[in-house]
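Colleague: give me a 3D structure for the following:
(chains A and B)
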Protein chains: 2
Amino acid sequence: MVFYLVGLGLGGPKDVTVKGLEVIKSASRIYLEAYTSILSCGKDELEAFYGKPVTLADRDMVEQDSETLLADAKELDVAFLVIGDPFGATTHSDLILRAVDKNIPYKVVHNASIMNAIGCCGLQLYNFGETVSIVFWTDTWKPDSFYDKIESNLQRGLHTLCLLDIKVKEQSIENLMRGRKVYEPPRYMTANTACKQLLQVIDNKALNNIKTKLQPDSMCVALSRIGWDNQKIVASKLKDLVNCDIGPPLHSLVIAGEMHPLEEDFLAQFKLVAENSE
Amino acid sequence: MVFYLVGLGLGGPKDVTVKGLEVIKSASRIYLEAYTSILSCGKDELEAFYGKPVTLADRDMVEQDSETLLADAKELDVAFLVIGDPFGATTHSDLILRAVDKNIPYKVVHNASIMNAIGCCGLQLYNFGETVSIVFWTDTWKPDSFYDKIESNLQRGLHTLCLLDIKVKEQSIENLMRGRKVYEPPRYMTANTACKQLLQVIDNKALNNIKTKLQPDSMCVALSRIGWDNQKIVASKLKDLVNCDIGPPLHSLVIAGEMHPLEEDFLAQFKLVAENSE
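Modeller: The predicted structure follows:
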């Protein structure tokens, strides 16, 4: 029949589209990809809303066990649910190609993703350059390739959406070495950590006498839980956002480029007000 | 009460989210912004689906008559429906600011827009640079600022989404001069026209001995009616897409930058097959 990829949008159960819900209700098997983002609700709440069971698909299953996932999809409708839009992450086009290889037709039900919902901060989508991913640094691994992309966007006056690292089902080095399938608790990078890492890159560049467009005073926007009922948006200088609490995950960060007056006006709604000001 | 901006997504009535539909069903007044995009259905079909009347809001109304639009929004829920996501076009953040000025709280119900649904062609969203708009050329007005942005994206190996011009409720120069509110039929730029204009820019640059990254052989993707049941995607060289018919509007065009093998594999599904090849 059909392999459906259904975007769930960014908030809770009701952010699915009417079309997406119809697909889910009529599908024989339902999988939920839940390692590249999070919803405001758990699997149980989705199951209650759909009135049927949902199987969690982790990265191993999606990337290595597509046989199970696509089994019988020639005879039955299978729905693969993705938080946001199905084309947010590489692995899903890979999964589609495996369906195509098996002559299983596929259909996509689109939805909002952070890639377009980010427009809610008032910075215009067509003024954004390349999106970057900021990964957790460790003591020994501090990649900063995202910095060059931000800098390149800034040189053209463009805004940058920074997607922040998510670590789900990660194993400690010890557990990995011993082959123990014991997983660390999930970790979601906060906008604060992202800002801290960016400031450190600026410092490192300064030590090497490299002039950066990105500065501690650069205007940035920290966003949390976009599309949820309790979303939060704060606009301030990069250095100010290091200590600004925007609550639980998911967080995103935007580095503003040159702003149109309307963009500035819109952003003004979200300006950080110093709590100690009198 | 609340001024709601509800994204309708890209296809027909059922592409609204469950949350969005609830908002519409409970709103006292409903406006549909229908001058920056089109749905696969008319206003009457939406009204039948919602079970209530919808008022068309044209550009004049949204940009100049927000008083009418926001009237009573302090006492009643007003829903402003936008094809795609509410943050696709500048005028909507302007409208939100006018609501904020009047102390009317606003809420946004996000949905898919071409800005993220474009991922369905298999080119990864995070490999896209700045989005460009290609406008209809006239005999005397041939702006090509979009070209510099495409070139700048290509130099960084990035893909470019080209949004194609829409002319709705335009007046002929004669009618404009005579103050007659007579409108021309709507015009939607085809991917073919966009390709033709791009080839002409390349020719002009060549005449001036300017070397362009964009070439007649550059890989491009023409897309029509994304998110509709009859969407079409064709991947081929820029010069081949000039004569490729992808049916009724809306069309979009993507200029591919450097491609990851997985992107190439995905795009292969949509390759133009020469109809006369033997």
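Colleague: need the next SSE after the helix or strand of chain A with the lowest mean pLDDT, C-terminal direction.
Modeller: Least confident helix or strand, chain A: helix A:59-64 with a mean of 85, by mean pLDDT, DSSP states H and E. Following helix A:59-64 in sequence order, the next helix or strand is helix A:66-70 (DSSP states H and E).
Colleague: centre of the chain to that following helix, how far?
Modeller: Here helix A:66-70 is found 25 Å from its chain centre; the criterion is Cα atoms, centre = their mean, to the nearest Å.
Colleague: can you check stretch A:46-57 too?
Modeller: A distance of 22 Å separates the centroid of the chain from that of stretch A:46-57, by Cα atoms, centre = their mean.
Colleague: hmm, that stretch in reach of chain B?
Modeller: No - applying Cβ under 8 Å from any Cβ of the partner chain, one finds stretch A:46-57 out of contact with chain B, separated by at least 8.7 Å. C-beta: built from backbone N, CA, C; applies to glycine.
Colleague: could you list the buried residues of that stretch?
Modeller: A:46, A:49-50, A:54, A:57 (16 or more other Cβ atoms under 10 Å in any protein chain shown).
Colleague: what's that stretch in contact with?
Modeller: Stretch A:46-57 is contacted from outside by A:13-14, A:21, A:24-25, A:29-34, A:39, A:43, A:69, A:80-81, using Cβ atoms under 8 Å, 6 or more residues apart in numbering or on different chains.
Colleague: repeat the analysis, applying 10 Å as the threshold.
Modeller: With contact meaning Cβ atoms under 10 Å, 6 or more residues apart in numbering or on different chains, stretch A:46-57 is reached by A:8, A:12-14, A:16, A:21, A:24-25, A:27-35, A:39, A:41-44, A:61, A:63, A:65-66, A:68-69, A:79-82, A:95, B:18.
Colleague: ok, of those residues, which come out buried?
Modeller: Among the contacts of stretch A:46-57, those classed as buried by 16+ other Cβ under 10 Å are A:8, A:12-14, A:16, A:21, A:24, A:27, A:29-35, A:39, A:41, A:61, A:66, A:69, A:79-82, A:95, B:18.
Colleague: narrow those to those in strands?
Modeller: The strands, defined by DSSP state E, take in A:29-33, A:79-82 from the buried ones among the contacts of stretch A:46-57.
Colleague: where's residue A:70 relative to residue A:25, distance?
Modeller: Separation of residue A:70 from residue A:25 (Cβ to Cβ, to the nearest Å): 21 Å.
Colleague: then residue A:117?
Modeller: Between residue A:117 and residue A:25 the computed distance is 25 Å (Cβ to Cβ).
Colleague: with residue A:15 instead?
Modeller: Counting by Cβ to Cβ, the gap from residue A:15 to residue A:25 is 16 Å.
Colleague: ok, residue A:241 next?
Modeller: From residue A:241 to residue A:25 the distance is 42 Å (Cβ to Cβ).
Colleague: again with residue A:259
Modeller: 44 Å.
Colleague: try residue A:102
Modeller: On the measure of Cβ to Cβ, residue A:102 and residue A:25 end up 25 Å apart.
Colleague: the least confident helix or strand of chain A and chain B, any residue contact?
Modeller: No - Helix A:59-64 stays clear of chain B (Cβ under 10 Å from any Cβ of the partner chain), getting no nearer than 12.2 Å.
Colleague: which helices and strands does that helix pack with?
Modeller: Using 3 or more Cβ pairs under 10 Å, 6 or more residues apart in numbering or on different chains; DSSP states H and E, the elements in contact with helix A:59-64 are strand A:29-33, helix A:66-70, helix A:90-101.
Colleague: okay, the ones you listed in CSV with mean pLDDT and distance to residue B:265 next?
Modeller: Shown next, in CSV, are the helices and strands packed on helix A:59-64 (pLDDT from 0 to 100; distance: least, Cβ to Cβ, whole Å):
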stretch, mean pLDDT, distance to residue B:265
strand A:29-33, 95, 20
helix A:66-70, 88, 15
helix A:90-101, 89, 6
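Colleague: I'd like these as CSV, with distance to chain B appended.
Modeller: Formatted as CSV, the helices and strands packed on helix A:59-64 follow (distance: least, Cβ to the nearest Cβ, whole Å):
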stretch, distance to chain B
strand A:29-33, 15
helix A:66-70, 14
helix A:90-101, 5
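Colleague: so can I have a markdown table of the ones you listed showing distance to residue B:197?
Modeller: A markdown table is the format used below for these (distance: least, Cβ to Cβ, whole Å):
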| stretch | distance to residue B:197 |
| --- | --- |
| strand A:29-33 | 40 |
| helix A:66-70 | 42 |
| helix A:90-101 | 30 |
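Colleague: which of the ones you listed sits closest to residue B:1?
Modeller: With distances scored as Cβ to Cβ, the stretch of those nearest to residue B:1 is strand A:29-33 (34.5 Å).
Colleague: and the closest one with strand A:78-82, angle?
Modeller: Angle, strand A:29-33 to strand A:78-82, by axes from the mean of the first three to the mean of the last three Cα atoms, to 10 degrees: 20 degrees.
Colleague: right, and the helix or strand after strand A:29-33?
Modeller: helix A:43-50.
Colleague: export that next one as CSV, just CAs?
Modeller: The C-alpha coordinates for helix A:43-50 follow below in CSV (Å, rounded to 0.1, in the frame of the first residue of the first chain):
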residue,chain,number,x,y,z
LYS,A,43,4.0,8.5,23.7
ASP,A,44,1.1,7.5,25.9
GLU,A,45,-0.6,10.8,25.3
LEU,A,46,-0.2,10.3,21.6
GLU,A,47,-1.6,6.8,21.8
ALA,A,48,-4.6,8.0,23.8
PHE,A,49,-5.2,10.8,21.2
TYR,A,50,-4.9,8.3,18.2
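Colleague: avg pLDDT for it?
Modeller: Mean per-residue pLDDT for helix A:43-50: 97.
Colleague: just stretch A:214-225 next, same as before
Modeller: 98.
Colleague: okay, buried residues for that stretch please.
Modeller: In stretch A:214-225, counting by 16+ other Cβ under 10 Å, buried: A:214, A:218-225.
Colleague: go on, stretch A:161-177?
Modeller: Within stretch A:161-177, the residues that count as buried by 16+ other Cβ under 10 Å are A:161-164, A:166, A:168.
Colleague: show me how chain A divides into domains.
Modeller: For chain A, automatic domain parsing gives the domain ranges A:3-112, A:115-268.
Colleague: let's have those domains in TSV, adding distance to residue B:1.
Modeller: Listed next are the domains of chain A as TSV, based on distance: least, Cβ to Cβ, whole Å:
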stretch	distance to residue B:1
domain A:3-112	19
domain A:115-268	16
